[in-house]
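**Student:** structural data only, the sequence is not supplied:
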């Protein structure tokens, strides 16, 4: 999910332009639209309080755990997610940059959620059922709803980022992760 803040009439700012999404469709082909596999995941021990960034994905909506990943040299929040061992699928409308599904081999054999039966990932999901993106820079003890999409965010050393599924309002005042940054941060 690289959902930006909601703007009037329930629309979202997208980090990818329509032209960019069209280019992605042409490049990827219709069968692979928006799907990204994880890179070779960095072991969680590669991240410390002063090196790398940690990403935590809460699969609790489906009865799963919070799964953590690490990227010792993150370039974007999107790459942090993939280098942390997660797979994603974007929407057909917005491309891979608008994350609709997330999966990890540590939960349910890597199944991406929501499943295709739960969301076809054709259009932007509603604010009541999407992956929201949260950040906590080094030393911050609370979550902040990301003002940028994951493709635009540049994680800093010691930062932790979180993805949680469900309902989040347009200002990020509801829907925060149920866990604290400290509980998933590298030590």
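**Tutor:** Cool, got the structure. The model shown is predicted, which means the values in this text are computed figures rather than measured ones.

**Student:** state which strand of this structure is the longest.
**Tutor:** Across the chain, the longest stretch assigned as strand under DSSP state E is strand 95-104.

**Student:** what packs against it?
**Tutor:** Applying 3 or more C-beta pairs under 8 Å, 6 or more residues apart in numbering; DSSP states H and E, one finds that strand 95-104 contacts helix 18-28, helix 77-83, strand 86-91, strand 130-136. For the C-beta atoms, the positions are set from N, CA and C on the backbone; glycine is no exception.

**Student:** quick one: it to strand 86-91, angle?
**Tutor:** 140 degrees (axes from the mean of the first three to the mean of the last three C-alpha atoms, to 10 degrees).

**Student:** next, the angle from strand 95-104 to strand 130-136.
**Tutor:** Per the same axes, to 10 degrees, the angle that strand 95-104 makes with strand 130-136 is 80 degrees.

**Student:** mind listing what's buried in strand 95-104?
**Tutor:** Neighbour counts using 16 or more other C-beta atoms under 10 Å place 95-104 of strand 95-104 among the buried residues.

**Student:** will you turn those into TSV that also has pLDDT?
**Tutor:** Shown next, in TSV, are these (pLDDT from 0 to 100):
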residue	pLDDT
95	90
96	91
97	87
98	90
99	95
100	96
101	97
102	98
103	98
104	97
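
**Student:** so, low pLDDT: which residues of this protein?
**Tutor:** Within the chain, the stretches with pLDDT under 70 are 1-42.

**Student:** try 90
**Tutor:** 1-46, 97, 124-127, 147-149, 168-174, 187 (pLDDT under 90).

**Student:** where exactly do the strands run in it?
**Tutor:** Under the criterion DSSP E, the chain contains strands at 6-7, 11-12, 35-36, 53-58, 66-71, 86-91, 95-104, 130-136, 144-145, 160-166.

**Student:** give the closest residue to residue 115 in space, chain neighbours not counted.
**Tutor:** Among residues not flanking residue 115 along the chain, residue 101 sits closest, at 7.9 Å (C-beta to C-beta, 6 or more residues apart in numbering).

**Student:** ok, back up a step: return the member of the buried residues of strand 95-104 nearest to residue 133.
**Tutor:** When those are compared for distance to residue 133 (C-beta to C-beta), residue 99 wins out at 8.1 Å.

**Student:** for that closest one, give me its contacts.
**Tutor:** The neighbours of residue 99, taking C-beta atoms under 8 Å, 6 or more residues apart in numbering as the test, are 1-2, 78, 81, 88-90, 131, 150, 163.

**Student:** who's in contact with stretch 102-111?
**Tutor:** Applying C-beta under 8 Å, 6+ apart, the contact partners of stretch 102-111 are 38, 57, 59, 62, 64-65, 67, 69, 81, 85-88, 112-113, 131, 163.

**Student:** all good on my end, thank you.
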